[in-house]
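Enquirer: sequence? don't have it. structure:
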């Protein structure tokens, strides 16, 4: 599940130099364990939606379940078969590759977009809303948009490539074309998030920095390289982490556009998982798969969280 | 009602163990509040953090082992526990 | 301050609006698709619709399979936003005002759930919601989506609440306000914008989610997104209708963002990242 736009507001609001902030306000917070009563509803609701399901997944993962009463304990067999399944491994490599490409494309593009975005005048809010628009479209509709747009016969994008550029392009038949379509779609969908974060970061740079640069008659590039870019480190860390997590869990958009195909070309981890879980209803292997997937995400999650909150200390 | 959770003895034991661990940590925190310090992980951690890192690392060891090696999983469990303990004490 | 943020590149404006135009292209194309007759879509390729028709929209709003699933989505999404907010408000207050045993770990654990791949939860969700009788109900989907929306709501609200000085709480306490009365009468009105932003994001993320909603519904609470995947039939894909549904699913999000746009801008202004 994507963290997406939520963090635009959440992160930007809370994201001011965590270490510093904590140091300055920690003594003000009262220590009071009765606060647990306030947190209780959240804990209960998340327990129902997350903990109990997770326990169930663990139980599934060590058994061959035919029905609640007819089941066999198989130990770690599913974990072994899933972790050695070439298809799963290929999907893992594919997903990592996809995430890497997403980062390489979206981060520079997002920063460039933030640099050229208007900062004053009546057009600022229009620009913000227009740039943010792709983030607000339901993910399956993003898929639909590109499913249509990239078609060679009825889509503007696909038609242009085929008939104007004269390149044979068909994402339903050619694995490379399918990959490119999904990648371009993701860039279209998520670069705005990077741009908005970077934009917020750029706006926070104090004016004197620029005045100094002007006095030194620094070139636009030098100003960017030595003043803007270093100050963007914080937001860019957030952007990189967010985009990594989200692209690593991508499901809906490629599912709509390619359904994982042609062949296995765009069959990412979550697509493969839901195929096993819902399509074939192989409860045991799907559960083991889920847990391994969840473990990978947990590890990244913790490393990211640590980097984010403790790098300042 | 709980039929669909298809409990087994080993998984029940694992979760009971985790629950017990949480209770122990809570009681311990009452007796002597945790102190944050810096170990070989080079980040500031208190004992709760180290417990979490230790458990996750142990899980990674187990998962990696089962994916690569045909040696006994008991050996893997031993290594995993060792990793967890090392992180818990010196991390 | 002659120039905010230093020198502006001369071609910056051009590049930016060019990018926005590119961004809009696929959207406009989908809209164009929704207002042509199906024969034209498949018949001959043309940039501008030859004949304009609103038949697809008429079909959408007269076929109960379409409009009822559209309503389903709106119902469970709204329900989810309200539930998430109610649950998250006290917790966010606790995180922003108190230190308590395990607070940091709890906060991190909540965020972990936000980042868990939903595919992981498919299996048990199917089982659980069937066994507790929430399968294929609006409430069921609303509760399932709390999985990722509650942590998000706590996170956003905590950020806003931390920006409000604690002295206000203390003054109210001295004036004889009990915590619940203070919270409802004084604190909630102060964080109106935060509530707006939170509701917006909860609505949005519940609205865009397909995987879980599709798994735990069949007929009565079927989301619009699931209906959209069934425009594929033996006769091929009904592109016009699919595009129409696509256009219409963008509307609620666009409406909601229009109402909260100032709050979101404020959110940006608040945080000097």
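Expert: Arrived safely, thanks for sending. In this text the structure is predicted, and so the values were computed from the model without any measurement.

Enquirer: Now do residue C:125 against residue B:44, distance only.
Expert: 37 Å (C-beta to C-beta, to the nearest Å). Where C-beta positions appear, they are placed from N, C-alpha and C, glycine not excepted.

Enquirer: ugh, typo on my part, it should be residue A:230
Expert: Residue A:230 is 25 Å from residue B:44, where distance means C-beta to C-beta.

Enquirer: ok, the two, which is more surrounded?
Expert: residue B:44 (13 against 9; other C-beta atoms under 10 Å in any protein chain shown).

Enquirer: who's in contact with the closest residue in space to that one that isn't next to it in sequence?
Expert: Among residues not flanking residue B:44 along the chain, residue B:36 sits closest, at 4.9 Å (C-beta to C-beta, 6 or more residues apart in numbering or on different chains). Residue B:36 sits next to B:44-46 when contact means C-beta atoms under 8 Å, 6 or more residues apart in numbering or on different chains.

Enquirer: from the residues you listed, which ones fall inside helices?
Expert: Among the contacts of residue B:36, none falls in helices (DSSP state H).

Enquirer: Tally up the residues packed near residue 49, please.
Expert: The chain I'm using is chain A. Neighbours around residue A:49, by other C-beta under 10 Å: 23.

Enquirer: my bad, chain B
Expert: Neighbour tally, residue B:49, other C-beta under 10 Å: 21.

Enquirer: For it, what are phi and psi?
Expert: Main-chain dihedrals, residue B:49, degrees, to the nearest 10: phi -60, psi -40.

Enquirer: mind listing what it touches?
Expert: residue C:105.

Enquirer: next one: the one 10 residues further on
Expert: Residue B:59 sits next to A:295, B:80 when contact means C-beta under 8 Å, 6+ apart.

Enquirer: any idea how far the helix or strand where it lies is from the chain center?
Expert: Using DSSP states H and E, residue B:59 falls within helix B:47-68. Distance of helix B:47-68 from the chain centroid (C-alpha atoms, centre = their mean, to the nearest Å) equals 7 Å.

Enquirer: Quick one: low-confidence residue ranges for the chain.
Expert: If you meant another chain, say so; for now it's chain A. Counting by pLDDT under 70, chain A contains low-confidence ranges at A:1-28, A:305, A:308-313.

Enquirer: Actually, chain C is the one I wanted.
Expert: Checking chain C against pLDDT under 70 turns up C:1-9, C:232-235, C:261-273.

Enquirer: can you give me the strands for it?
Expert: C:98-99, C:232-233, C:236-237 (DSSP state E).

Enquirer: Would you tell me whether stretch C:83-99 gets close to chain A?
Expert: Yes. Under the criterion of C-beta under 8 Å from any C-beta of the partner chain, chain A is reached by stretch C:83-99 at C:86-88, C:90-91, C:93-95, C:97-99.

Enquirer: ok, so of these, who is nearest residue C:135?
Expert: Nearest to residue C:135 out of these is residue C:87 (C-beta to C-beta; 21.8 Å).

Enquirer: what residues are up against that closest one?
Expert: Residue C:87 neighbours (C-beta under 8 Å, 6+ apart): A:41-42, A:45, C:146, C:150, C:153.

Enquirer: Setting aside sequence neighbours, what's the nearest residue to it?
Expert: residue A:41 (4.5 Å).

Enquirer: The one you found contacts residue C:93, correct?
Expert: No. If you go by C-beta atoms under 8 Å, residue A:41 and residue C:93 don't touch, sitting 11.6 Å apart.

Enquirer: neighbour-wise, which of those two wins?
Expert: With neighbours defined as other C-beta under 10 Å, residue A:41 and residue C:93 compare such that residue C:93 has more, 22 against 17.

Enquirer: pretty sure the more buried one contacts residue C:190?
Expert: No. Contact between residue C:93 and residue C:190 fails when scored by C-beta under 8 Å: they sit 11.7 Å apart.

Enquirer: ok so, going back, ok, of the residues of stretch C:83-99 next to chain A, which one's closest to residue A:204?
Expert: The closest of the residues of stretch C:83-99 next to chain A, once distances to residue A:204 are taken by C-beta to C-beta, is residue C:95, at 24.4 Å.

Enquirer: Count the neighbours of the residue nearest to residue C:123 when sequence neighbours are not counted for me.
Expert: Of all residues not flanking residue C:123 in the chain, residue A:277 sits nearest, at 5.2 Å (C-beta to C-beta, 6+ apart). By the measure other C-beta under 10 Å, the count of residues near residue A:277 is 25.

Enquirer: In contact with residue A:277, which residues?
Expert: A:283, A:286, A:289-290, C:119, C:122-123.

Enquirer: which parts of chain A sit against chain B?
Expert: So far as C-beta under 8 Å from any C-beta goes, chain A lies against chain B at A:52, A:55-56, A:58-60, A:62-63, A:65, A:68-69, A:71, A:73, A:76, A:79-80, A:83-84, A:292, A:295, A:298-299, A:302, A:306, A:310, A:313.

Enquirer: And residue A:84, how far from residue A:260?
Expert: With C-beta to C-beta as the criterion, residue A:84 and residue A:260 are 21 Å apart.

Enquirer: cool, and residue B:91?
Expert: Counting by C-beta to C-beta - residue B:91 and residue A:260 are separated by 40 Å.

Enquirer: Look at the two and report which has more neighbours.
Expert: Using other C-beta under 10 Å, the more surrounded residue of residue B:91 and residue A:260 is residue B:91, with 23 against 20.

Enquirer: Help me confirm that residue A:142 is found in a helix?
Expert: Yes. Counting by DSSP: H, G, I helix; E, B strand; the rest coil, residue A:142 is part of a helix.

Enquirer: neighbours around residue 165, how many?
Expert: This is for chain A. For residue A:165, using other C-beta under 10 Å, the count is 9.

Enquirer: Oops, wrong one, chain C.
Expert: Around residue C:165 there are 10 residues (other C-beta under 10 Å).

Enquirer: quick one, phi/psi of the residue nearest to residue B:44?
Expert: Residue torsions, per degrees, to the nearest 10, at residue B:36 are phi -80, psi 140.

Enquirer: Quick one: residues contacting the closest residue to chain A within chain B.
Expert: Proximity of chain B to chain A (C-beta to the nearest C-beta) peaks at residue B:67, 3.7 Å away. If a contact means C-beta under 8 Å, 6+ apart, then residue B:67 has A:80, A:83-84 as its contacts.

Enquirer: Just give me the residue right at the centre of the chain.
Expert: Just going to use chain A. residue A:246 (1.6 Å; C-alpha atoms, centre = their mean).

Enquirer: sorry, should have said chain C
Expert: residue C:204 (0.5 Å).

Enquirer: Surely it touches residue C:253?
Expert: Yes. The pair residue C:204 / residue C:253 is scored as a contact, 5.9 Å apart, by C-beta under 8 Å.

Enquirer: mind listing what's buried in the top helix by length along chain A?
Expert: What stands out as the longest helix in chain A, according to DSSP H, is helix A:86-116. Buried residues in helix A:86-116, counting neighbours by 16 or more other C-beta atoms under 10 Å in any protein chain shown, are found at A:88, A:91-92, A:94-96, A:98-99, A:102-103, A:105-107, A:110-116.

Enquirer: Repeat that for stretch A:263-275.
Expert: So, applying 16+ other C-beta under 10 Å, buried residues of stretch A:263-275: A:265-275.

Enquirer: wait, which of these is closest to residue A:216?
Expert: For the buried residues of stretch A:263-275, the minimum distance to residue A:216 (C-beta to C-beta) is 47.9 Å, reached by residue A:268.

Enquirer: so how far is residue A:96 from the closest one?
Expert: With C-beta to C-beta as the criterion, residue A:268 and residue A:96 are 10 Å apart.
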